[in-house]
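In: Only the shape, not the letters, is given here:
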């Protein structure tokens, strides 16, 4: 019975190891490449661009604002819906209202950039300032989960959990192979000890405080 159970465990581990590696093929490479990028932030110096557009506010939104000039916060939901439908902007960081000049200003953080919208309900114009990043800047923020939204946060958590399972099943498969087991164990010990020693000896640390 014990032998059968071991065979079942080894068989399941091999299957999980193979299928997890294929399912995470793209994400694993993405996180590895983006990790290298984050270790060399100087590569990102010229990887962002700024832009600005000025357009007329839609008549429907302008008409709603004209009935609420003294209380523009009342139409914040309509303003956010307008930006979401026309420019794909969601998850506003902050909204400000300048009552004197009938201005509504919205700040949207984005991966590797931002968008800042200013609605002038007197002139009827929308001014949109924005910054976008190149592929290196974007994958860097995807790696950190910076302004990437709740769904991408789940992608990071789930893929991290699967990577742990990938590593554990690899160890189980190693212990099945008697010929390579000893070398594999020593390499595992080396892989654990090396970063710890490097951290203790060469990574700057604050010492001498309680």
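Out: Cool, the structure landed. The model shown is predicted, which means the values in this text are computed figures rather than measured ones.
In: How about the contacts made by residue 104?
Out: Shown in contact with residue 104 (C-beta atoms under 8 Å, 6 or more residues apart in numbering): 72, 76, 79, 95-98, 118-119, 121. To be clear about C-beta, it is placed using only N, CA and C from the backbone, and glycine gets the same treatment.
In: Quickly name whichever of these is closest to residue 24.
Out: residue 95 (38.7 Å; C-beta to C-beta).
In: For the residue most central in space within the chain, give its distance to residue 125.
Out: Geometric centre of the chain, nearest residue: residue 145, 2.5 Å, by C-alpha atoms, centre = their mean. Between residue 145 and residue 125 the computed distance is 35 Å (C-beta to C-beta, to the nearest Å).
In: what does residue 55 give?
Out: In terms of C-beta to C-beta, residue 55 sits 7 Å off from residue 125.
In: Same question for the helix or strand hosting residue 11: list its buried residues.
Out: Per DSSP states H and E: residue 11 is located in helix 2-23. Of the residues in helix 2-23, 10, 13, 16-17, 20 count as buried by neighbour count, 16 or more other C-beta atoms under 10 Å.
In: And those, which is the shakiest by pLDDT?
Out: Note: of the buried residues of helix 2-23, the lowest pLDDT belongs to residue 10, at 90.
In: For that one, which residues are in contact?
Out: 172-173, 176.
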